[in-house]
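Chemist: Give me a model of this one.
(one chain, ligands or ions: 1)
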Amino acid sequence: MSERRIALVTGGGSGIGRGISQRLAEDGFATAVLDLNGEAAEQVAAESRQKGHEAVAFGGVDVSDRAQVDDAVRRVRERFGGPVLVLVNNAGVSDVGRFLKISDETWNRVMAVNLDGPFYLCQAVVPDMREAGWGRIVNISSSSTHSGQPFMAAYVASKSGLVGLTKSLALELGPDGITVNTIPPGFIDTPMLRDSEERGLLGGSVDHHAELTPVRRPGRPEDIAAACSFLVSEEAGYITGQVIGVNGGRNT
Ligand code: NAP
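Modeler: Numbers count the residues shown, from 1 in each chain. Sure, this is the predicted structure:
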């Protein structure tokens, strides 16, 4: 990368977001690690700085709150001295339960974090990307959008909305030099997955599911980070509006 660019990763303190933050910092991006969990974000940013990369934590930011998002994007611009030209919308929450038991509160919270959050973040950074004539947006959706998932109606609906947002934005922003793609991860070994295993929500252990996966292992945050690294690179400028599955062959 010839010039220094600024990347912002939401949910960057844990799991997939942690892997993406670390990879983008290694790739030479000045990386803003944004997370609700301030301690986790600080730890990830500190790990990257120890390796000589440029990374700063923006903790305690809830992506479902537009005012907090706008303020965080302003602070990132100030701290790094330039606009965010790479945005990875990764922060997400899941919920498991029977459809008829989903409360309004649960439905609205899942939509607010998984869909409103990316909406607010895109609106906050796109003007700067437009002005620069260059931008990269990667939305982390879910492999559950390929086929649906029982007992996860709110989650799958929110993530399917994110796929639709990706495709529509790609068409609208292509002329501005901005690409928008989505990676739907499948079965990645993160705290979210292990929490589901512990609560008996996977219908079997992680090891059991790994045996049923064509590549015979769970995914790693690094697998998603590698795909993301390519999608935000200069070389990926002709790829936009795409759904790039990273799932060990579980969905084709
Ligand atoms: P994770 O380990 O739970 O990490 C998610 C991070 O996002 C956490 O640090 C969490 O903070 C943060 N976060 C949650 N709500 C937030 C909010 N409102 N504002 C800002 N940050 C927030 O999850 P993961 O497994 O890495 O998942 C990352 C993304 O991949 C999610 O969008 C998820 O839906 C998607 N995904 C994961 C898998 C998988 O197999 N792991 C599969 C499909 C899709 P707290 O810890 O404080 O809540």
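Chemist: Please make it C-alpha for all contacts and neighbour counts, starting now.
Modeler: OK.
Chemist: what does the protein put close to the ligand?
Modeler: 10-11, 13-17, 35-37, 61-64, 90-93, 113, 140-143, 185-193 (C-alpha under 6 Å from any ligand atom).
Chemist: Just the buried subset of the residues you listed, please.
Modeler: Under a neighbour-count criterion of 16 or more other C-alpha atoms under 10 Å, the subset of those counted as buried comprises 10-11, 13-17, 35-37, 61-64, 90-92, 113, 140-143, 185-190, 193.
Chemist: one step back: inside helices: which ones of the residues of the chain next to the ligand?
Modeler: Assignment to helices by DSSP state H places the following of the residues of the chain next to the ligand there: 15-17, 191-193.
Chemist: Return the residues in contact with V56.
Modeler: For V56, the residues meeting the contact criterion (C-alpha atoms under 8 Å, 6 or more residues apart in numbering) are 31-33, 42, 45-46.
Chemist: Name the nearest of the residues you listed relative to the ligand.
Modeler: Distance from the ligand was checked for each of those by C-alpha to the nearest ligand atom. The minimum falls on V33, at 9.9 Å.
Chemist: Show me what that closest one is bridged to.
Modeler: V33 has the following beta-bridge partners by DSSP bridges: V9, A57.
Chemist: got a list of what it touches?
Modeler: Applying C-alpha under 8 Å, 6+ apart, one finds that V33 lies in contact with 8-13, 21, 41-42, 44-45, 55-59.
Chemist: Any quick PyMOL command for the buried ones out of those?
Modeler: Selection of the buried residues among these in PyMOL, burial being defined by 16+ other C-alpha under 10 Å:
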select buried, resi 8+9+10+11+12+13+21+41+42+44+45+55+56+57+58+59
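Chemist: Would you mind pulling up the elements that the longest helix along the chain packs against?
Modeler: Taking DSSP H as the criterion, the chain has its longest helix at helix 153-173. Secondary structure elements in contact with helix 153-173, counted by 3 or more C-alpha pairs under 8 Å, 6 or more residues apart in numbering; DSSP states H and E, are helix 104-111, strand 135-140, helix 144-147, strand 178-183.
Chemist: which of the residues in the shortest one are buried?
Modeler: Put plainly, it is helix 144-147. So, applying 16+ other C-alpha under 10 Å, buried residues of helix 144-147: 144-145.
Chemist: elements contacting it?
Modeler: Counting by 3+ C-alpha pairs under 8 Å, 6+ apart, the packing neighbours recorded for helix 144-147 are helix 153-173.
Chemist: Please list the outside residues in contact with the helix it packs on.
Modeler: By C-alpha under 8 Å, 6+ apart, the list of residues contacting helix 153-173 from outside reads 93-95, 99, 102, 107, 110-111, 114-115, 118, 139, 141-142, 144-145, 148-149, 178-182, 240-243.
Chemist: Now the buried members of these.
Modeler: Neighbour-count burial (16+ other C-alpha under 10 Å) is assigned, among the contacts of helix 153-173, to 94-95, 102, 107, 110-111, 114-115, 118, 139, 141-142, 144-145, 178-182, 240-243.
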